[in-house]
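J.: Sequence plus predicted model, see below.
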Amino acid sequence: MNKIALVTGATSGIGEATAIILAKNNYNLIITGRRLERLNKLSKIIQEKYKVEVQILNFDIRSNEETKSAFYSLSDSWQQIDLLVNNAGLASGLNFIQDGDIDDWEKMIDTNVKGLLYISRLIMPIMIKRKKGHIVNISSIAGKETYTKGNVYCASKHAVESITKAMRIDMLPFGIKVTSISPGMADTEFSTVRFHGDKKKADKVYENTTPLYANDIAEAIEFAVTRPKHVNINDMLIMPTTQADSNHKL
């Protein structure tokens, strides 16, 4: 019987690439996100190409009520999740903290921190009861360093790092693995979202350099979740060759 993986933020970028690579590894999938048409398209591709089962949950992870309602719409058998990939996350705005937009702040905190907690709170007790499971939290170089104008986004990813460490401690008695994957500069929809849809501004971020791509991170997740039972990848920081840290890139 195939294992079940739930991937949040599967409508594009790392989430989409991760869903595809897990399907290749014979996981049945629960894919979540706010853009239903993209979830439907991804589901069709996965089912046709990899012949695994796919469930779609279309909701906004920033809402605890929507998250609960979506999760409990799953049958009991689909709730027996083996792998949770907490990928849903975003940066919104790039301002000095004194000029920050509070709506941007709330969007980042509600998605990156609270959303991760909402879905994890529903799934962790099921994993504990079964005494098995793996949680992969997608963090960032921004969770390890703070850079100019990164303020609240960096704070939210520092929170993800701390929550991941806490999960690893609290899940230890139950044999549940917890992994943090932290990408550096990656050419996904990240910058387009950060600049509120301004594609020209987003494209400038990756000018004259070779960033990471979604599949680079998906392959790292694949490595982490295919280790033997006695091996846990605690933390993986992945950078493009052209970037040394948050402030130095070619």
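T.: Looks like it came in fine.
J.: Distance check, the residue located most distally from the centre of the chain against residue 240.
T.: Centroid-distance maximum for the chain: residue 98 at 28.5 Å, with Cα atoms, centre = their mean. According to Cβ to Cβ, to the nearest Å, residue 98 and residue 240 sit 31 Å apart. Placement of C-beta: from N, CA and C, glycine included.
J.: Which strands or helices does the helix ranked longest in the chain pack on?
T.: For the chain, the longest helix by residue count, based on DSSP state H, is helix 151-171. Helices and strands touching helix 151-171, by 3 or more Cβ pairs under 8 Å, 6 or more residues apart in numbering; DSSP states H and E, are helix 102-108, helix 116-130, strand 134-138, strand 177-183.
J.: And the residue positioned nearest the centre of the chain, how far from residue 249?
T.: Residue closest to the mean C-alpha point of the chain, counted by Cα atoms, centre = their mean, is residue 87 at 0.9 Å. Separation of residue 87 from residue 249 (Cβ to Cβ): 23 Å.
J.: Over to residue 192?
T.: 19 Å.
J.: how about low-confidence regions in this structure?
T.: Scanning the chain for pLDDT under 70 picks out nothing.
J.: try 90
T.: Judged by pLDDT under 90, the chain has its weakly predicted residues at 1, 208, 247, 250.
J.: mind listing the strands in it by residue range?
T.: In the chain, strands defined by DSSP state E lie at 4-7, 28-33, 54-58, 83-86, 134-138, 177-183, 235-238, 243-245, 248-249, listed in chain order.
J.: Need those strands in TSV (columns: distance to residue 155).
T.: TSV is the format used below for those (distance: least, Cβ to Cβ, whole Å):
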stretch	distance to residue 155
strand 4-7	25
strand 28-33	24
strand 54-58	28
strand 83-86	17
strand 134-138	16
strand 177-183	15
strand 235-238	18
strand 243-245	18
strand 248-249	22
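J.: Is it possible to get a markdown table of those that adds distance to residue 125 and mean neighbour count?
T.: A markdown table is the format used below for these (distance: least, Cβ to Cβ, whole Å; neighbours: other Cβ atoms under 10 Å):
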| stretch | distance to residue 125 | mean neighbour count |
| --- | --- | --- |
| strand 4-7 | 14 | 26 |
| strand 28-33 | 17 | 25 |
| strand 54-58 | 18 | 19 |
| strand 83-86 | 12 | 27 |
| strand 134-138 | 13 | 25 |
| strand 177-183 | 15 | 25 |
| strand 235-238 | 25 | 16 |
| strand 243-245 | 38 | 14 |
| strand 248-249 | 42 | 12 |
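J.: out of those strands, which comes closest to residue 44?
T.: strand 54-58 (8.6 Å; Cβ to Cβ).
J.: what's that closest one in contact with?
T.: 23, 28-34, 36, 39-40, 43, 46-47, 70-71, 73-74, 78 (Cβ atoms under 8 Å, 6 or more residues apart in numbering).
J.: Can you list the strands that that strand pairs with?
T.: Strand 54-58 has its sheet partners listed here by DSSP bridges as strand 28-33 (parallel).
J.: Quick one: work out the angle between the partner strand and helix 116-130.
T.: Counting by axes from the mean of the first three to the mean of the last three Cα atoms, to 10 degrees, strand 28-33 points 160 degrees away from the direction of helix 116-130.
J.: Please save the CA atoms from strand 28-33 in PDB.
T.: This file holds the C-alpha atoms of strand 28-33, laid out as PDB (Å, rounded to 0.1, in the frame of the first residue of the first chain):
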ATOM      1  CA  ASN A  28      -0.400   8.900  -2.800                       C
ATOM      2  CA  LEU A  29      -0.900  12.700  -2.500                       C
ATOM      3  CA  ILE A  30      -3.000  15.300  -0.800                       C
ATOM      4  CA  ILE A  31      -2.200  18.600  -2.500                       C
ATOM      5  CA  THR A  32      -3.300  21.800  -1.000                       C
ATOM      6  CA  GLY A  33      -3.500  25.500  -2.000                       C
END
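J.: Give me the contacts around that strand.
T.: So strand 28-33 is contacted by 2-11, 15, 19, 22-23, 39, 42-43, 46, 52-59, 61, 70, 74, 78, 81, 88, 119 (Cβ under 8 Å, 6+ apart).
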